[in-house]
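A.B. asks: Sequence first, predicted coordinates after that:
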Amino acid sequence: MSQAIQPAGAGGRTSSYWTGRVPFDLRPLGHSERTFSARLDSGVPVAVKAVPVDSAEEAQRMLEYLERLASYGNPTLVPILGAEYRAGALWVMSELDDGLSLAELMSRSSLSPSQVISVGLDVLTGLQALQQLGLSHGNLHAGNVHVSRRGRARLGDYALRPRFRPGSSRLGWPDPRVDLAAAGALLCGALGVAPRSEGAELNQAERSVPALVAAVRVMAEGGAGRFAGAALGLFEEASGSRARQPQLDRSREELASLVRGEQPAPRQPAALVSNAVPEPARPRLAAPLLAPAPSTAAVRRGGAVRPAGPAGGRYRNVRWLFLAAALSLLVLTLGLVAAWVFLRPSPAASAQTGSTPAASTGPQTAVAPSAAPAVAPPGEPAQTSP
């Protein structure tokens with residue numbers, strides 16, 4: 001964490017919007033007894049909050065501190081425009097947001113997980129900006145998170161309870177875990193889940209975005225660590241594809257419509273959103289009228305419009321399966337033919353096998369043919385062969 005900003009000393013840029021004079025025509029703002037609205041002499045509307053202080057010396061240190069804090073601008077923080085010490089309190093003026101507080105927005109309509117992700121990213125980015133200055137919010141809740149008419153969330157009433165070191169105008173280090181736990185509880189409320197799992201039946205958010213619910217519960221229980229940057233990384237990872245820029249732009253458009261009291265436009269099919277072209281100059285294509293399902297939505301690819309998504313991939317896979325089956329059948333046929341050619345007997349071998357006498361067991365002895373003995377006529381001696 002960087003060095004905490006200090007109200008005294010050179011360096012830094014003083015805001016050109018700083019004023020030390022609070023208007024007298026204060027009107028109650030919201031349900032708080034210490035928050036008012038007013039208009040500066042220049043015509044700029046401001047929100048005025050009374051912060052109690054113990055002494056004039058502490059008020060002077062706070063004035064110097066707030067004037068230095070006002071010089072650091074961040075898009076996720078409502079700008080501080082001035083302060084004045086009056087009647088035992090420090091009256092802090094900030095820009096009057098043109099939108100609604102998150103508490104009022106949630107009372108009007110329940111937020112979708114994508115809208116909660118958009119708000120959560122802005123809230124954690126604002127806490128990270130405060131930590132980089134060595135500060136903490138100190139009182140984060142849904143009432144001081146403001147959602148503008150552009151759908152962006154900003155933190156208000158931040159760093160109004162600094163801890164000065166005893167006898168010094170220098171600031172002490174705050175405990176950032178308090179802010180992260182408050183952010184986790186705030187996001188749990190926006191999702192409509194309890195900060196702790198009650199073991200009962202899962203609600204819609206726990207079924208649809210279980211990883212996101214688990215991440216915000218970890219933050220609410222103080223398990224996200226000390227640094228808002230680490231909590232922001234955990235939240236982005238649990239948000240998945242909903243944290244991508246096209247989805248965030250769509251969610252912020254919906255939040256802006258809710259702030260203006262308009263009915264948000266229906267979400268487009270998931271296949272079309274995932275293939276959306278990031279360049280704003282290129283038109284976004286709508287799903288064809290005859291498409292049977294969102295998965296057959298048409299997108300532009302290479303200058304031609306053709307089906308995309310799971311349906312096109314399914315038909316392409318079927319063609320490849322048919323081709324693979326045909327090749328396998330051809331290889332099997334060739335193998336059978338080759339086996340028959342090499343294993344069948346040849347005609348010459350068959351003829352030779354048929355003319356060969358049957359083999360006999362044991363040694364064979366050649367016997368010469370002998371002439372039959374001659375029979376002599378009666379009265380003559382028998383003749384013998386020599």
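C.D. replies: Done, it's in.
A.B. asks: Where does pLDDT dip in the stretch 251-386 of the chain?
C.D. replies: 264-317, 345-386 (pLDDT under 70).
A.B. asks: Show me where this protein has its helices.
C.D. replies: 56-69, 102-108, 113-132, 176-191, 204-208, 210-220, 228-239, 245-259, 270-274, 310-343, 347-355 (DSSP state H).
A.B. asks: Could you point out which of those sits nearest Gly30?
C.D. replies: Shortest distance between Gly30 and those, using Cβ to Cβ, is found for helix 102-108: 8.3 Å. In this view, the C-beta of every residue, glycine as well, is placed from N, C-alpha and C.
A.B. asks: What residues of that closest one count as buried?
C.D. replies: 102-106 (16 or more other Cβ atoms under 10 Å).
A.B. asks: Make TSV out of these and add distance to Ala338 and pLDDT.
C.D. replies: Formatted as TSV, the buried residues of helix 102-108 follow (distance: Cβ to Cβ, whole Å; pLDDT from 0 to 100):
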residue	distance to Ala338	pLDDT
Leu102	76	96
Ala103	80	95
Glu104	81	94
Leu105	76	95
Met106	75	95
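A.B. asks: Just give me the closest of those residues to Leu232.
C.D. replies: Among these, and counting by Cβ to Cβ, the member closest to Leu232 is Leu102, at 17.8 Å.
A.B. asks: how about the helices of the chain, which one is nearest Asp25?
C.D. replies: helix 56-69 (22.2 Å).
A.B. asks: As CSV, could you dump the C-alpha coordinates of the closest one?
C.D. replies: Taking Å, rounded to 0.1, in the frame of the first residue of the first chain, the C-alpha atoms of helix 56-69 are listed here in CSV:
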residue,chain,number,x,y,z
ALA,A,56,-11.8,23.6,16.5
GLU,A,57,-8.3,22.2,16.3
GLU,A,58,-9.6,18.9,15.0
ALA,A,59,-11.8,20.8,12.6
GLN,A,60,-8.8,22.7,11.2
ARG,A,61,-6.9,19.5,10.6
MET,A,62,-10.0,18.0,8.9
LEU,A,63,-10.3,21.0,6.6
GLU,A,64,-6.7,20.7,5.5
TYR,A,65,-7.1,17.0,5.0
LEU,A,66,-10.3,17.3,3.0
GLU,A,67,-8.9,20.0,0.8
ARG,A,68,-6.0,17.8,-0.1
LEU,A,69,-8.3,14.8,-0.6
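A.B. asks: Now do that helix: which elements does it pack against?
C.D. replies: Secondary-structure packing of helix 56-69 (3 or more Cβ pairs under 8 Å, 6 or more residues apart in numbering; DSSP states H and E): strand 80-86, strand 89-95.
A.B. asks: In TSV: those strands, plus mean pLDDT, distance to Pro113 and mean neighbour count.
C.D. replies: Below are the helices and strands packed on helix 56-69 laid out as TSV (pLDDT from 0 to 100; distance: least, Cβ to Cβ, whole Å; neighbours: other Cβ atoms under 10 Å):
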stretch	mean pLDDT	distance to Pro113	mean neighbour count
strand 80-86	93	32	20
strand 89-95	94	29	21
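A.B. asks: Any chance of CSV for these, columns distance to Leu187?
C.D. replies: Formatted as CSV, the helices and strands packed on helix 56-69 follow (distance: least, Cβ to Cβ, whole Å):
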stretch, distance to Leu187
strand 80-86, 25
strand 89-95, 23
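A.B. asks: Would you format the helices of the chain as JSON lines with distance to Ala89 included?
C.D. replies: Shown next, in JSON lines, are these (distance: least, Cβ to Cβ, whole Å):
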{"stretch": "helix 56-69", "distance to Ala89": "8"}
{"stretch": "helix 102-108", "distance to Ala89": "24"}
{"stretch": "helix 113-132", "distance to Ala89": "23"}
{"stretch": "helix 176-191", "distance to Ala89": "24"}
{"stretch": "helix 204-208", "distance to Ala89": "41"}
{"stretch": "helix 210-220", "distance to Ala89": "32"}
{"stretch": "helix 228-239", "distance to Ala89": "30"}
{"stretch": "helix 245-259", "distance to Ala89": "31"}
{"stretch": "helix 270-274", "distance to Ala89": "50"}
{"stretch": "helix 310-343", "distance to Ala89": "62"}
{"stretch": "helix 347-355", "distance to Ala89": "118"}
